[in-house]
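Trainee: using only what follows, build the 3D model:
(chains A and B)
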Amino acid sequence: MNPLDRYLKAIRPFLPRAERDDILRELSENILAEIKDRETQLGRPLEDVEVEAILENHGSPLQLAGRYRRSYRSLSVGRELIGPELFPHYVTWLCLVVGLTAAMFAIAALVTATPSILWRWLPVAGIQFAVITLIMIGVEWAQKRHRLLDRWKEPAVPPEELLRRYLHALRFWLPKPDRDDILAEIAEDLRSRFESREAELGRPLDESEAVVILKQRGQPVQVASGYLRQRHLIGPELLPVYWFVLRVIILWVLIPVFAVMVAPAAIRASTNAALALGKTLWGLAMGSVFTIGVVTLVFAILERSHRPFRNWDPRKLPAVPPKKASAAPGPVSRYMAMAELVMSVAFCVGWIYVVRTQPVFDIEGVRLGLAPVWQSIFLPALGVLLLGAVRALAGLGRPSDARLRSIIHIVGNAGALALIAVLLNAGTWVSVRGPSPVSKSLTDAAAAVNLGVWITLLVLGIVFAVDIAQELNRVVRKKTAAALC
Amino acid sequence: MNPELFENLRLELRRGCVVVAVLAALRSEQYGYTLRKTLAERGLAIDENTLYPLLRRLESQGLLVSEWREEDKRNKRFYRLSAEGEPVLQQLLDELRSINASLERILAEGVVKS
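Mentor: Model prediction:
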């Protein structure tokens, strides 16, 4: 708050209520005009001290407010006990306290139907009158001596006290071992700056000048930070690897698994699709937070345990894979295409045989067989396997058309991914039957086998998702490269 | 040009030079305040929040020595170049001159070609 605002705020309570705002507006404009005149004379903005000098010429707030009062009544017994500035307040308080007490006595008389109670009010009112008068006389005396009521200037803090406060605040943030030493040096430097400024001005510094020097030096926390050892959780050497690992885990593993497997399975299993989706997203968010936490912790430990990049040998770097030498894969060899075709056909035949014959393994009376879900995906799965054969045929017929092969590959893997999602939703993939009644050990064995299949499907899903992403990336890159050429 | 980018580059360029300047100025003993004034008068003003931590770092590296001593009825910490710091300063100055000369040659070549 600037000095003028403080001054006007101090005047406000002593002004007549009806004209208060009007008087303050006019007063403010007059004083501002005076300040501007002075600034024009000096050719620079006034400092707070100079503004305060102008305001002091206007008188204390109480004196100034008194000039706007039309009544100059006072309480005097030989000499003035309550002056005209405080007299209106004295009357207000007297009326308020005595009036309120009178009202309370009147209500009591009415309620109890005993009018004689009113006579008891007289001595009480007399005591109240005496007490309030004495208090106001005391206030008047204190006001004359100490100007208690119209203090508007904030008490100035001596420069040395400001320095002590600054050093005290700084002390908290400094590193413990060198705290006193650093503090002594900074104190010495600041005292030198105070002295130097005093020599320039030819007088001791005032509060505002000391404040300028301390502010130039900076906030205590900021100053202390220069003395603290640079610390980081994960340093610049490991940071790129950290980002890479986080990106891979979240973008290429977590999100695909949730999008392709967890979300569809949760939605199909639930009666409320929106709720299931919300729960899945919440699970994804929590999974991401947990992953970030774990990866950060691992890297923070790595950062502190050893420096992996200090002792490296160029000879130990992995060889460049031939595929990566060029963004665009070269033509597929006939041998590879033939091998792929043979494998695809073999897979198709195997799939047809397994699903149609429904083989059952009998191990000491315990019969292991395929669950019905495999039968339900027979045709779509055969289609996906046949796509592998189509891809091989495309390689044989158009060996240079890598884009066609990539597209078939992506479509095939996307189909496989969808089938995995359907399978995961089924919950049981291997049926285990035995002599009835079914024993607990048999139930446990069935659960263990199904858990194994579940993990396998999950891993396969991740592999397919990553493969699709890589293949898509390759297709896009090739397209971009072609456009650039 | 982005002023923030220039400021970052300028600070990067100054960082090493400030170390050399401080070491060179402390061939004669000074305390922090007079050192800062000296450097500012020679055209290399350094913020005190940079200078004092730098002095401590250089002292911990053994390039400076310091002692608290009373002067004008006040305790002040005086710094000077250590015996270990002298050859380091010499090496740094040689390096700086070599960089300057290289830069001059590069700039001269640029002028001739254009």
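Trainee: what mean pLDDT does stretch B:88-100 have?
Mentor: Stretch B:88-100 shows a mean pLDDT of 95.
Trainee: contacts for that stretch?
Mentor: Around stretch B:88-100, the neighbours that count as contacts under Cβ atoms under 8 Å, 6 or more residues apart in numbering or on different chains are B:17, B:19-20, B:23-24, B:27, B:63, B:81. Bear in mind the C-beta positions are built from the backbone N, C-alpha and C, glycine included.
Trainee: name the residues of that stretch that are buried.
Mentor: B:88-89, B:92 (16 or more other Cβ atoms under 10 Å in any protein chain shown).
Trainee: residue ranges of the strands in the chain, please?
Mentor: The chain I'm using is chain A. Along chain A, the stretches classed as strands by DSSP state E are A:75-77, A:79-82, A:361-363, A:366-370, A:430-433.
Trainee: sorry, should have said chain B
Mentor: Under DSSP E, chain B gives strands at B:30-31, B:64-71, B:74-81.
Trainee: what sits against residue 23?
Mentor: Picked chain A for this. A:15-16, A:68.
Trainee: please refer instead to chain B.
Mentor: Contacts of B:Leu23 by Cβ under 8 Å, 6+ apart are B:58, B:63-64, B:81, B:85, B:88-89, B:92.
Trainee: which of those sit farthest apart?
Mentor: Greatest spacing in the contacts of B:Leu23, by Cβ to Cβ: B:Leu64 and B:Leu92 (13.5 Å).
Trainee: what residues does chain A put near chain B?
Mentor: Contact residues, chain A versus chain B (Cβ under 8 Å from any Cβ of the partner chain): A:178, A:182, A:184-186, A:188-189, A:191-193, A:196, A:217-218, A:222-223, A:226-227.
Trainee: any weak-confidence spans in the stretch 101-250 of chain A?
Mentor: Where the stretch 101-250 of chain A drops to pLDDT under 70, the residues are A:146-155, A:230.
Trainee: quick one, helices of it?
Mentor: A:117-146, A:159-173, A:179-201, A:207-217, A:220-225, A:239-247 (DSSP state H, counting those that start in this stretch).
Trainee: dump the ones you listed into JSON lines; add distance to B:Arg77 and mean neighbour count as well.
Mentor: Below are the helices of the stretch 101-250 of chain A laid out as JSON lines (distance: least, Cβ to Cβ, whole Å; neighbours: other Cβ atoms under 10 Å in any protein chain shown):
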{"stretch": "helix A:117-146", "distance to B:Arg77": "45", "mean neighbour count": "14"}
{"stretch": "helix A:159-173", "distance to B:Arg77": "15", "mean neighbour count": "16"}
{"stretch": "helix A:179-201", "distance to B:Arg77": "5", "mean neighbour count": "16"}
{"stretch": "helix A:207-217", "distance to B:Arg77": "17", "mean neighbour count": "16"}
{"stretch": "helix A:220-225", "distance to B:Arg77": "16", "mean neighbour count": "17"}
{"stretch": "helix A:239-247", "distance to B:Arg77": "37", "mean neighbour count": "13"}
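Trainee: generate a markdown table for the ones you listed, with distance to A:Val77 as supplementary columns.
Mentor: Formatted as a markdown table, the helices of the stretch 101-250 of chain A follow (distance: least, Cβ to Cβ, whole Å):
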| stretch | distance to A:Val77 |
| --- | --- |
| helix A:117-146 | 10 |
| helix A:159-173 | 44 |
| helix A:179-201 | 52 |
| helix A:207-217 | 43 |
| helix A:220-225 | 57 |
| helix A:239-247 | 84 |
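Trainee: need the longest helix for chain B.
Mentor: helix B:85-113 (DSSP state H).
Trainee: next, the angle strand B:74-81 makes with that helix.
Mentor: 60 degrees (axes from the mean of the first three to the mean of the last three Cα atoms, to 10 degrees).
Trainee: how far out from the middle of the chain is helix B:85-113?
Mentor: When C-alpha coordinates are averaged (Cα atoms, centre = their mean, to the nearest Å), helix B:85-113 and its chain have centres 16 Å apart.
Trainee: spell out which parts of chain B neighbour chain A.
Mentor: B:31-33, B:48-50, B:52-53, B:56, B:68, B:74-77.
Trainee: quick check, nearest of the residues you listed to A:Gly126?
Mentor: For the residues of chain B next to chain A, the nearest to A:Gly126 is B:Arg74 (66.7 Å; Cβ to Cβ).
Trainee: who's that closest one bridged to?
Mentor: Counting by DSSP bridges, B:Arg74 forms beta bridges with B:Glu71.
Trainee: ok, it touching A:Glu188?
Mentor: Yes - if you go by Cβ atoms under 8 Å, B:Arg74 and A:Glu188 touch, sitting 6.5 Å apart.
Trainee: which of the contacts of stretch B:88-100 count as buried?
Mentor: The buried subset of the contacts of stretch B:88-100 (16+ other Cβ under 10 Å) comprises B:19, B:23-24, B:63, B:81.
Trainee: how far away is the closest residue to A:Ala337 other than its chain neighbours from chain B?
Mentor: Leaving aside its chain neighbours, A:Ala337 sits nearest to A:Gly395 (3.5 Å; criterion: Cβ to Cβ, 6 or more residues apart in numbering or on different chains). Look at A:Gly395 and chain B: by Cβ to the nearest Cβ, to the nearest Å, they are 52 Å apart.
Trainee: got it, and A:Thr101?
Mentor: 65 Å.
Trainee: chain neighbours aside, what residue packs nearest to that residue?
Mentor: Nearest one to A:Thr101, counting by Cβ to Cβ, 6+ apart, is A:Val124 at 5.9 Å.
Trainee: quick check: the one you found vs A:Ala109, distance?
Mentor: 13 Å (Cβ to Cβ, to the nearest Å).
Trainee: equivalent analysis for B:Leu64, please.
Mentor: 91 Å.
Trainee: neighbour count: the two, which is higher?
Mentor: B:Leu64 (21 against 17; other Cβ atoms under 10 Å in any protein chain shown).
Trainee: contacts only, for the more buried one.
Mentor: So B:Leu64 contacts B:23, B:26, B:55, B:58, B:79-82, B:85 (Cβ under 8 Å, 6+ apart).
Trainee: same check, this time on A:Leu183
Mentor: A:167, A:170-171, A:174.
Trainee: one more time with 6 Å
Mentor: A:167, A:171 (Cβ atoms under 6 Å, 6 or more residues apart in numbering or on different chains).
Trainee: one more: A:Gly388?
Mentor: A:Ser344.
Trainee: how about low-confidence regions in chain B?
Mentor: In chain B, residues with pLDDT under 70: B:1, B:110-114.
Trainee: what about the closest residue to A:Tyr242 other than its chain neighbours, neighbour count?
Mentor: The spatially closest residue to A:Tyr242, leaving aside those adjacent along the chain, is A:Phe299, at 4.7 Å (Cβ to Cβ, 6+ apart). Neighbour count of A:Phe299, defined by other Cβ under 10 Å: 20.
Trainee: what's near enough to touch A:Phe299?
Mentor: A:234, A:238, A:242.
Trainee: TSV for those residues, including distance to A:Thr428?
Mentor: Below are the contacts of A:Phe299 laid out as TSV (distance: Cβ to Cβ, whole Å):
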residue	distance to A:Thr428
A:Ile234	44
A:Leu238	45
A:Tyr242	41
